[in-house]
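A.B. asks: Sequence first, predicted model second:
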Amino acid sequence: MREAALMFGISRAAGDFFDQVIRQRERQVMRTAYRMLGNWADAEDVAQETFLRLHRHGLDFPDDAALGAWLYRVTVNLCLDRSRAARPGCELPELRSDEMAADAALLREEQKSRLMAALAQLPAKERAAVTLREIEGLSTVEVAEVLGSSEGTVRSQVSKAMTRLKQLMSGEKR
Amino acid sequence: MNDEELRGLLSGMRDDPVPADSLVRMRARVAERTRGRVFPRWAVGPAAVAACFCLSMFLLRDPVRVERLKSPVARPKPAAAARVSGTRPERGADETVRRARHAAPRQKNPRREAQVPDTTVIRIETADPNVVILLIGD
């Protein structure tokens, strides 16, 4: 009986710790999934699956950075799987006239939504590389580790993605 | 748009707020899936070992019970085993069986008893096989 109570206590403590980890990391996971997938509903699904995998894997990481890298890796892989299943078909929103977008904050919001639409048009791997490198602020080495590719490949992917984003944001079409 | 502007725009997205209702929904769904089990998966093994240990302790605690469990196992009787192997059975090997057979009281047939008359017959055979003397008395 005492063993059962002890085990239940350990289980509860582990559950509380897991909840803490979710609260610390949920924004990182949700944002990354959103940048990759372009909508919050899919991002929710990916975040849920990521944390369920974390629960199955356990919280045995040498440090916080290792946990972060693991979460990025799982999130990006799940997003890549989803991207393969369904190609995004969203169009870039049209720029509104200067009168309508006079407010700087409004202009910035509009630019962001155009950027999100532009990101959605990139190939999945390039999108992942630019999201992790430029939005999440990871180093090239870290991005290479998460994506399981070389640093050179990551640099090339980021460079290609940035060129394409500039073209899309300037309204150029290939 | 140049590189710097684009980088500024991208890095500005880092701190974009995440909808609170999305976070709450996601947390609730994760909790629902992970709290389904009272014990985590790693606890199943130790719990099973503990249960087996308790069961074995309970069974070994009472030797009479162990004997009772052993008794239904079919054991060849020494005589039968000897018959199979072709050797001569030991003296008294079937004693228990014989005793058991004789121990059961033989039932008398009441009808036969009624039919048999309560008379004495003495049969005297002579040197001549055709002549037999019968003495019948009540």
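C.D. replies: Alright, I've got the coordinates. Numbering: from 1, shown residues only, chains lettered A, B, ... in the order given.
A.B. asks: C-alpha from now on. contacts and neighbour counts both.
C.D. replies: Will do.
A.B. asks: Can you pull the phi/psi pair for the nearest residue to residue A:61 once chain neighbours are set aside?
C.D. replies: Ranked by CA to CA, 6 or more residues apart in numbering or on different chains and with sequence neighbours excluded, the top spatial neighbour of residue A:61 is residue A:67, at 5.9 Å. With angles defined as degrees, to the nearest 10, residue A:67 sits at phi -60, psi -40.
A.B. asks: pretty sure residue A:67 contacts residue A:58?
C.D. replies: No - with contacts defined as CA atoms under 8 Å, residue A:67 does not count as touching residue A:58, sitting 10.4 Å away.
A.B. asks: one step back: check what pLDDT the residue nearest to residue A:61 gets.
C.D. replies: With respect to pLDDT, residue A:67 has a value of 92.
A.B. asks: ok, now the one 5 residues further on?
C.D. replies: Predicted confidence (pLDDT) for residue A:72: 95.
A.B. asks: Let's verify it: helix, strand, or coil?
C.D. replies: Secondary structure state of residue A:72, per DSSP: H, G, I helix; E, B strand; the rest coil, is helix.
A.B. asks: just to confirm, which helix or strand has the nearest residue to it once chain neighbours are set aside in it?
C.D. replies: Among residues not flanking residue A:72 along the chain, residue A:146 sits closest, at 6.5 Å (CA to CA, 6+ apart). Take DSSP states H and E as the rule and residue A:146 turns out to sit in helix A:140-147.
A.B. asks: Equivalent analysis for residue A:149, please.
C.D. replies: Using DSSP H and E, no helix or strand contains residue A:149.
A.B. asks: Which residues lie in contact with residue A:132 in this structure?
C.D. replies: Taking CA atoms under 8 Å, 6 or more residues apart in numbering or on different chains, we find residue A:132 in contact with A:32, A:138, A:143.
A.B. asks: The last one and residue A:133 touch, don't they?
C.D. replies: Looking back up the chat, that one is residue A:143. Yes - between residue A:143 and residue A:133 there is a contact at 6.6 Å, judged by CA under 8 Å.
A.B. asks: higher neighbour count, the two?
C.D. replies: Counting neighbours by other CA atoms under 10 Å in any protein chain shown for residue A:143 and for residue A:133 shows that residue A:143 has the greater number, 26 against 22.
A.B. asks: lowest-pLDDT helix or strand in chain A?
C.D. replies: Ranked by mean pLDDT, DSSP states H and E, the weakest helix or strand in chain A is helix A:2-37, scoring a mean of 77.
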